[in-house]
Every structure is written in structure tokens, then in C-alpha cells.
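Visitor: generate a structure from the sequence data that follows.
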Amino acid sequence: MVPHPREELFSVLVVDDHPLLREAIAARLRSMGAGTVYEAASVAEARARAHANGPCDLAILDLGLPDGSGLDLVTELRSLGWNRLVVLASSDDPYAVRSAFQAGAQAYLLKSASAAIVTDGVKRVLDGGVYADPTVAPLLATGTRVPGTDNTPRELSAREVEVLQLVADGQSNKEIGEALSLSALTVKSHLSRIGRKLGTGDRAQMVALAMRAGVIR
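Guide: Now for the predicted structure:
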């Protein structure tokens with residue numbers, strides 16, 4: 001259970017190649033209750049921190065790093081047991097936003113975001129939720145098209161994509177509900193709706209269709 005920032009200290013890794021922005025984010029996190037703040041300016045430094053210290057309660061990562069892909073780093077940290085990942089990016093391109101969530105991020109924030117939005121996003125993720133910067137949220141709401149078993153493209157909502165990604169990660173309905181702050185019954189309803197759209201009630205086939213469409217990994 002991750003401690004609530006206003007009650008107990010939490011640990012965080014901040015990855016950004018701009019020192020001033022990195023320091024500003026670190027200061028904001030300390031004001032929210034971060035007890036340990038590790039900093040990294042590159043993918044290599046982030047990897048070294050991750051392997052030396054193990055998973056932190058939270059990581060905030062820039063996508064545009066000088067020595068590699070921030071998206072690949074998100075995927076890598078996720079595989080190492082980092083469950084709360086926040087992407088901080090300059091781009092509001094829909095593909096970049098969706099790619100970040102598909103890689104395993106729980107939040108997507110723009111570098112131009114106000115301190116209040118950053119605080120809201122971090123709190124949401126620490127509480128186990130998912131957050132999109134208000135500027136990019138409408139882009140996610142447009143959903144993603146996945147061909148069903150009859151090859152007819154069906155529109156999946158952003159939430160349905162999130163649920164499918166967690167199914168692909170091998171999580172149960174209960175675990176998905178905990179990750180997305182939903183009841184297991186609501187998760188089951190989402191899966192039923194996805195099944196009707198894609199023409200199959202088989203979880204593995206739903207995941208396969210979404211992977212083939214490039215919607216999830």
C-alpha cells in the first residue's frame with residue numbers, strides 16, 4: 001500500500017535532462033510529502049538508480065531523453081515492479097499520449113501544466129488511479145479503433161483500452177479494479193462491452209485483437 005503523501009513520506013524518482021525543471025519537480029514533490037527524491041538526467045542514470053535502489057513509490061519521467069526512449073524506460077521500469085509511473089512531456093500528440101499509457105504509464109502530464117494539475121496527477125497516481133492532463137484528456141476520449149472478429153473496426157474507449165492492457169498483463173478483474181479504482185463488477189461490465197464490440201467473450205482473443213491493432217502491448 002503506497003502511503004498517502006499528506007500522511008507519510010513516499011519515495012520518487014524524477015527523470016528529466018533539464019536541471020531546472022527536474023529541481024522544480026523535486027521541490028514540488030517534497031512539498032507534497034516526498035521523503036526520498038532520486039534524480040536522473042538520462043535513461044542510463046535512471047536505470048542505474050532503479051537497479052541500485054529498487055522500485056520507488058512513484059516515478060516521473062520525461063519522454064525526450066538524450067540517450068534513449070522515455071517510452072522504453074517506462075516499459076522497462078514497469079517490468080521491474082514500478083507500478084506508479086507518470087509521464088511528463090511536451091507533446092500533446094494523441095499517438096504520444098496513447099503510447100505512454102500503452103507502455104504502462106498511469107498518468108500523462110504536459111510540461112506546461114500548472115502546479116495544481118501536477119499535484120492532482122501525482123495524488124491520483126499515488127492513490128492507485130489514472131490521470132491525463134486536462135489538455136490531452138479529450139484526445140483520449142476519442143477512443144481507439146480495433147477490428148473485431150468480423151474485421152469491422154470497433155471504437156474502444158480509453159478506459160476499455162486501459163482494462164484490456166491490464167488483462168494483457170495477466171491481472172484478474174479484482175486486480176484491474178484495484179489498479180483503476182473500479183469495482184470488480186464494473187471491470188466485468190467493461191469486459192462484457194469490449195467482448196460485444198469485438199465479437200468474442202474470450203479474454204485471450206480480445207487481447208490478441210487489440211495487440212494486432214497496436215492498441216496495447
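Visitor: which phi and psi does the nearest residue to residue 90 once chain neighbours are set aside have?
Guide: Nearest-residue entry for residue 90: residue 111, 5.3 Å, with adjacent residues in sequence omitted and distances by Cβ to Cβ, 6 or more residues apart in numbering. Glycine gets a C-beta too; all of them are placed from N, C-alpha and C. Torsion angles at residue 111 (phi, psi; degrees, to the nearest 10) stand at phi -60, psi -20.
Visitor: then residue 147?
Guide: According to degrees, to the nearest 10, residue 147 has phi -70, psi 130.
Visitor: what's the closest non-adjacent residue to it?
Guide: In space, and not counting its chain neighbours, residue 147 is closest to residue 153: 5.2 Å by Cβ to Cβ, 6+ apart.
Visitor: quick one: the one you found from residue 187, how far?
Guide: Distance from residue 153 to residue 187, counting by Cβ to Cβ, to the nearest Å: 24 Å.
Visitor: over to residue 128?
Guide: Remark: distance between residue 128 and residue 187 (Cβ to Cβ) = 14 Å.
Visitor: residue 87 too?
Guide: Residue 87 sits 24 Å away from residue 187, going by Cβ to Cβ.
Visitor: looking at these two, which is more packed in?
Guide: Neighbours per residue (other Cβ atoms under 10 Å) separate residue 87 from residue 187, with residue 87 holding more: 28 against 23.
Visitor: pull the distance from the helix or strand hosting the more buried one to the chain's centre.
Guide: Using DSSP states H and E, residue 87 sits in strand 85-89. Offset of strand 85-89 from its chain centre (Cα atoms, centre = their mean, to the nearest Å): 8 Å.
Visitor: what mean pLDDT does the next helix or strand after that strand get?
Guide: Sequence order places helix 94-103 as the next helix or strand after strand 85-89, per DSSP H and E. For helix 94-103, mean pLDDT rounds to 80.
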